[in-house]
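**Student:** quick check, what structure comes out for this input:
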Amino acid sequence: MAGSQIERAFSLLESLTSEPRGLPMQTLAERLEIPKSATHRMLAELIRLGYVRQNPENARYQLSTKLVALGFRYLSCSGADIVQPILDRLAQDSGELVRLGVIDGSRQTWIAKSQGARSGLRYDPDMGRDAPLFYTASGHAWLASLDDAQALELVRRQGVGDPAQFGPRAPRSEDELLGYLRRARERGYAWVEQTSALGTSALAAVVHSPVDRRAIGVLSIAGPSARLPEARLHELAPLLLAAAAELSAASQASDLFA
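**Tutor:** As a prediction, this is how the structure comes out:
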């Protein structure tokens, strides 16, 4: 891959974030498109700095907990203590998973969550991922806050992904996506059923800056479609919108939305 040593190092770390069992050096070298010797030097330096470790049993390289600790330290100093009680209350009231995504440039990244489901089926995906814009409620809520041209530009920039991996009711074209956005604008929130995966539903609303009303985040509720048919999604919408408004008002006290 092209890029500086710093870019390569971060690409290596990003590769390891989705591989908790670790990766062999050969695989990392292939992903980075650099010689094994250069990969070895980079890994040795990251091990020295404490960000990577080598599993003695299988020689695979894994992330240490140092990056996780840094992330938690950042969140603890960035106003997460203001945000989390709002998420917890919405999760308790809805009985489902609540997630908050923050908007930074052309990306929306899930950075906080609260699980309200105490028994039965649980929908609980990983944090730290960018929200797919084309087929998720969180993506649709943000896109609906923009005009159609801006929305499609963001989708094209991120990429649509493999349609074979979508849920059965995902939009199959840009025109279908714009239909989802139009109904989201009419209601003030987005909702989807089985678009990102079979058997899951979600609704989402934008968190606005109280200063200029720009979208700074997205709050969502998600869970199994068996518990969240369309009627239930609309029943939960007032709770979602109230929590999103509360987050909007509190956003100035939190660096998470800076």
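**Student:** now do the end-to-end distance for stretch 20-36.
**Tutor:** Start and end residues of stretch 20-36 are separated by 21 Å (Cα to Cα, to the nearest Å).
**Student:** ok, then the element right after the lowest-mean-pLDDT helix or strand in the chain?
**Tutor:** Ranked by mean pLDDT, DSSP states H and E, the weakest helix or strand in the chain is helix 66-76, scoring a mean of 69. Downstream of helix 66-76, the next assigned helix or strand under DSSP states H and E is helix 80-94.
**Student:** in terms of secondary structure, what does that following helix contact?
**Tutor:** Counting contacts by 3 or more Cβ pairs under 8 Å, 6 or more residues apart in numbering; DSSP states H and E, helix 80-94 is packed against strand 97-104, strand 107-115, strand 215-224, helix 230-250. In short, each C-beta sits where N, CA and C put it, glycine included.
**Student:** ok, residues contacting that helix?
**Tutor:** The contact list for helix 80-94 (Cβ atoms under 8 Å, 6 or more residues apart in numbering) reads 97-100, 112-116, 219, 221, 236, 239-240, 243, 246-247, 250, 253-254, 256.
**Student:** out of the residues you listed, which are buried?
**Tutor:** Among the contacts of helix 80-94, those scoring as buried are 97-100, 112-116, 219, 221, 236, 239-240, 243, 246-247, 250, 254, 256 (criterion: 16 or more other Cβ atoms under 10 Å).
**Student:** roughly how far apart are the residue most central in space within the chain and Pro24?
**Tutor:** By Cα atoms, centre = their mean, the chain has its centre lying nearest to Trp110, at 3.1 Å. Relative to Pro24, Trp110 is positioned 29 Å away (Cβ to Cβ, to the nearest Å).
**Student:** now Glu193
**Tutor:** 41 Å.
**Student:** the residue of the chain most remote from its centre: which element?
**Tutor:** Relative to the centre of the chain, and counting by Cα atoms, centre = their mean, the farthest-placed residue is Ser37 at 34.2 Å. Under the criterion DSSP H and E, the helix or strand holding Ser37 is helix 36-49.
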